[in-house]
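Peer 1: Model the following, please.
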Amino acid sequence: MAVHFIREVDRLKQRILALGGIVETQLHSAVQALHERRRDQALMVIDGDAEVDRTEVDIEEECLKILALHQPVASDLRFIIAVLKINNDLERIGDLSVNIARKAAALSQYTDFSFPFDFHEMSRRTETMVHQSLDSLVHLDSDQARHVCQMDEQVNQCKRSARRAAIAFLRRQPEMADPILRLLGASRNLERIADLATNIAEDVVYLVEGHILRHQPPGSEETRHTDLSPRPPE
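Peer 2: Next up, the predicted model:
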C-alpha cells in the first residue's frame, strides 16, 4: 500500500503541473490573440477550454479517491488539500483566458483601433505571476511564492491606470465605446487572473511551510519548513 500511495501522489503532482502548463498556454494564446487581433487564435483558445474542464474534474476525483482510500496526514494531507485548491484556481484562470479570447475575437474587427493604455505591460506582468506561481509549485519554493504575492499590487496599479485612460479616451471618442469597453473588460480579467496566481502562491507557502499566508501581515509568524516527500499513512 505504501508504494501504491507514493505512486498515486507522484501521478497527482504530474497531473496538476500538466494542467498548469495547459492553462498557461491558454492565457498566453488569448493575450496574443488580443494584441494581434487574431480571431482564429482566439477561437482556438475558446475550443480548448473543454480540455481544461475535463482535466480539472479528473484531478478533483483523484484527490478525493486518495483522501478516502489512504487518509493521509501531515504534509501528505497538506499536499492533497493544496492540489484541490490549486486545481480549482487553474480552472478559473482557464475560464478567464476564454473571456479574454472572446473579447479578442470581437476586437479583431477593429484593425485600426489603438490601445489607449499599456495592455501589453499588464498582460506581461500577469503572465509572469502565473508562470512563477507554477514554478514555485514545481520547486516547492516558498520564497518565490511570496515574491508572486508581492507582484499582485503591480497588476492592480496597471488596472487602475487602464481605467483612468479608458475614461479619458471615451470622453474624446465616445463612438469607440464598444472596443474600449471590451479592452477594459480584458484588463479586469487579467487582474482577476493575477489574484488567482496569488492564491496559488499562497497555497504553495501553505504546502511547504504549513503556514496560511492570507489575511496575515508579512513576518507575523515564524516560517516553518517541512519535508514534503510522500509518506505512507500510519
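
Peer 1: contacting residues for the residue nearest to residue 137 when sequence neighbours are not counted?
Peer 2: In space, residue 137 comes closest to residue 204 once its chain neighbours are excluded; the distance is 5.3 Å by CB to CB, 6 or more residues apart in numbering. The way it works is simple: take the backbone N, C-alpha and C, and place the C-beta from them, glycine included. The contact partners of residue 204, by CB atoms under 8 Å, 6 or more residues apart in numbering, come to 82, 133, 136-137, 140-142, 145.

Peer 1: any idea which element residue 204 lies in?
Peer 2: Assigned by DSSP states H and E, residue 204 belongs to helix 177-209.

Peer 1: Can you give me the pLDDT of the residue sitting nearest the centre point of the chain?
Peer 2: Centroid-nearest residue in the chain: residue 197, 4.2 Å away (criterion: CA atoms, centre = their mean). Residue 197 carries a pLDDT value of 98.

Peer 1: was I right about it contacting residue 149?
Peer 2: No - the pair residue 197 / residue 149 is not scored as a contact, 9.1 Å apart, by CB atoms under 8 Å.

Peer 1: where in this structure is pLDDT low?
Peer 2: For the chain, applying pLDDT under 70 flags the ranges 1, 215-234.

Peer 1: Quick one: the helices in it, in order.
Peer 2: 2-36, 39-47, 49-70, 74-107, 119-139, 142-172, 177-209 (DSSP state H).

Peer 1: Now do the third one: distance to the chain's middle.
Peer 2: Offset of helix 49-70 from its chain centre (CA atoms, centre = their mean, to the nearest Å): 18 Å.

Peer 1: One more: the last one?
Peer 2: Average the C-alpha atoms of helix 177-209, do the same for its chain, and the two points are 7 Å apart (CA atoms, centre = their mean).

Peer 1: One more: the second one?
Peer 2: Using CA atoms, centre = their mean, we find the averaged C-alpha position of helix 39-47 to lie 19 Å away from the chain's own average C-alpha position.

Peer 1: Which residues does it contact?
Peer 2: With CB under 8 Å, 6+ apart, helix 39-47 has contacts from 26, 29-30, 32-34, 97-98, 100-102, 104-105, 108.

Peer 1: buried set for it?
Peer 2: 39, 41-43, 45-46 (16 or more other CB atoms under 10 Å).

Peer 1: Between all of the contacts of residue 204, which two are separated the most?
Peer 2: By the measure CB to CB, 82 and 141 form the most distant pair in the contacts of residue 204, at 13.9 Å.

Peer 1: more neighbours, those two?
Peer 2: residue 82 (21 against 17; other CB atoms under 10 Å).

Peer 1: quick one: residue 149 and residue 200 touch, right?
Peer 2: No - Residue 149 is beyond contact range of residue 200, at 10.0 Å (criterion: CB under 8 Å).
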